[in-house]
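Novice: sequence and predicted model, in that order:
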Amino acid sequence: QPSTHNVIVTETRGEDAQDVFLLDSTSGELRPLYTPAVAAAFSHFHWSDDGNTLYFVSNVDREMTAVFSYNLTTEKTTLIHESQFDLE
C-alpha cells in the first residue's frame, strides 16, 4: 500500500538540472529517486489518484524531454511518450 504522505523534493544541480528525492512526510525518510550520472532536468510532477504512480517530464538519458511514469510499488520507470521535440 503506497503512502499518501509522499512528497517530491528536488535539489538543483547545475543551471537547469535536478536530483529527485521522495520524502515520506510521516516518517521523515528521504530517499533518492533520480540522481543520474549525467545531470538531467525533471519537472511537471503529478501523482495518480491512488498515489502509486508519479508522472513527470524529463530529459534523463536523452536530448529532448519526454513524459515518464514511476511506479512506487515496482520502483520501475516507464517512458510514456517521446517526440523529436521537447514535451511538457
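Specialist: Perfect, thanks for sending it.
Novice: pLDDT value on Glu15, please?
Specialist: Per-residue pLDDT puts Glu15 at 89.
Novice: now it: how far from Ala41?
Specialist: 10 Å (CB to CB, to the nearest Å). Every C-beta, even on glycine, is put in place using the N, C-alpha and C of the backbone.
Novice: settle it for me: which of these two has more neighbours?
Specialist: Each of Glu15 and Ala41 has its neighbours counted (other CB atoms under 10 Å); Ala41 has more, 17 against 7.
Novice: residues contacting that one?
Specialist: 16-18, 58-59, 65 (CB atoms under 8 Å, 6 or more residues apart in numbering).
Novice: so how do I select the buried members of the residues you listed in ChimeraX?
Specialist: Here is the ChimeraX selection string for the buried members of these, based on 16 or more other CB atoms under 10 Å:
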select :17,18,58,59,65
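Novice: can you lay out the contacts of Ala41 as a markdown table showing secondary structure and distance to Asp50?
Specialist: Formatted as a markdown table, those follow (DSSP: H, G, I helix; E, B strand; the rest coil; distance: CB to CB, whole Å):
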| residue | secondary structure | distance to Asp50 |
| --- | --- | --- |
| Asp16 | coil | 32 |
| Ala17 | strand | 29 |
| Gln18 | strand | 25 |
| Ser58 | strand | 22 |
| Asn59 | coil | 27 |
| Thr65 | coil | 25 |
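Novice: distance to Leu79 added to the contacts of Ala41, as CSV?
Specialist: Output for those, formatted as CSV (distance: CB to CB, whole Å):
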residue, distance to Leu79
Asp16, 21
Ala17, 19
Gln18, 19
Ser58, 10
Asn59, 12
Thr65, 11
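Novice: Gln18 contacts Phe45, doesn't it?
Specialist: No: Gln18 is beyond contact range of Phe45, at 10.5 Å (criterion: CB atoms under 8 Å).
Novice: what sits closest to the most centrally placed residue in the chain if chain neighbours are left out?
Specialist: The chain has Phe56 as the residue nearest its centroid, 5.5 Å off, counting by CA atoms, centre = their mean. Spatial nearest neighbour of Phe56, excluding adjacent residues (CB to CB, 6 or more residues apart in numbering): Phe45 at 4.9 Å.
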